[in-house]
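Participant: Provided below for reference: sequence and predicted model.
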Amino acid sequence: MSLLDGLAVVIGLAVFEIIVSMDNAIINAHILKNMGQKWRKIFLVFGILTAVLLMRLILPLVMVWLLVPDITADGIAKLFTSDSSLAHEAIEHQKYLILSFGGMFMLLVYFHWLFMEKKNPLFIHEKLLKENHDVWFFAFAALLLASVLYFARSNPPMMITAALGNAAFFILYGFKESAEKQEEKMIKTEASDISKFMYLEVLDMVFSFDSVIGAFAFTTNLLYIFLGLGIGSLALRELTLMGIGKISKYIWLKNGAMTSIAFLGIFMMMESFGFSLPKILPTAITLSVVGYAFLMSHKNNMKI
């Protein structure tokens, strides 16, 4: 991958991180408003260490190690450069497992939003599904898993990772729904600042999972993943400080984010089954879809 391609991937990852983590930033902003200045600063500083270093660096490393458990420390270090053909060949040979896991997870994220969450419709199919259709989500989730398992029946490891992606989605989204209820309690009650701080730290780690999984649709180069997601995470914290309310006025950004997630899930599934796609495609689609959603939101704001 050339330097220009790498730069495009990093930019795409940063934009992807910002948009996907918007819900997390909104919750953070609500909790931070009710925290003292001291603990706000502690969260914003210490949170960089956990959100950027722990989740955007350590989690991808753990995922690589689970795929290639016999990889050496030197091999892992070389995954941060482009001059390690041996290390990259090892991960490229096994990356279809990450892609099947991630593709299943990302598609469920999209279908959950499409069928079960309230939204301001932007695209045609969203207008047809404006109301909640809980039964449709569970039907699509079951059919998706059954289809992937059927087509991957000759590859047991891929069947396992696809099933794990399905399980990971339902486990993490159970945590997220509980987090939203806990947020309401914390805002209404006089919880201590340290309790709010610990809550936000755990929430940050849970919400980070989506972007880390999706990052492998862009690249398997851990340096690009770390830089792109790290830059996006830092930028999002600055937006939180500036006032996330301004960003939330762009009503269709979430639509753009979720649609890009759907495309990334499809790309990951296609590549896990051996289809070769242009490296630049995930970045191009993400920027195009999110850019369109931003533009339409901006036009809508100008009318108000």
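Facilitator: Thanks, I have it. Numbering: from 1, shown residues only.

Participant: Let me know how buried R237 is, in neighbour terms.
Facilitator: Counted with other Cβ atoms under 10 Å, residues neighbouring R237 total 21. The C-beta positions use only the backbone N, C-alpha and C, and glycine is treated the same way.

Participant: my bad, E271
Facilitator: Burial of E271 is recorded as 21 neighbouring residues (other Cβ under 10 Å).

Participant: In terms of helices and strands, where is the closest residue to it other than its chain neighbours?
Facilitator: Spatial nearest neighbour of E271, excluding adjacent residues (Cβ to Cβ, 6 or more residues apart in numbering): L99 at 5.1 Å. Counting by DSSP states H and E, the element that carries L99 is helix 85-116.

Participant: any idea of the mean pLDDT for that helix?
Facilitator: What helix 85-116 shows for mean pLDDT is 81.

Participant: Is S260 in contact with F16, as I believe?
Facilitator: Yes: contact criterion Cβ atoms under 8 Å: S260 and F16 qualify, at 6.9 Å.

Participant: shared neighbours, those two?
Facilitator: Shared contacts of S260 and F16 (Cβ atoms under 8 Å, 6 or more residues apart in numbering): T286.

Participant: Now find how far off-centre the helix holding L99 is within its chain.
Facilitator: 11 Å (Cα atoms, centre = their mean, to the nearest Å).

Participant: ok, now stretch 284-303?
Facilitator: With Cα atoms, centre = their mean, you get 19 Å for stretch 284-303.

Participant: and the next element down the chain from the helix holding L99?
Facilitator: Downstream of helix 85-116, the next assigned helix or strand under DSSP H and E is helix 124-128.

Participant: ok, now which ones touch S21?
Facilitator: Under the criterion of Cβ under 8 Å, 6+ apart, the neighbours of S21 are F207, S208, D210, S211, G232, S233, L236.

Participant: Name the nearest of those relative to L3.
Facilitator: G232 (19.8 Å; Cβ to Cβ).

Participant: okay, now that closest one: neighbour count?
Facilitator: For G232, using other Cβ under 10 Å, the count is 26.

Participant: again, but for R56
Facilitator: By other Cβ under 10 Å, 26 other residues sit near R56.

Participant: cool, and A257?
Facilitator: 26.

Participant: Check what pLDDT the residue sitting nearest the centre point of the chain gets.
Facilitator: By Cα atoms, centre = their mean, the chain has its centre lying nearest to S211, at 2.2 Å. On the pLDDT scale, S211 is placed at 81.

Participant: Surely it touches I18?
Facilitator: No: shown here, S211 and I18 do not form a contact pair, counting by Cβ under 8 Å, at 9.2 Å.
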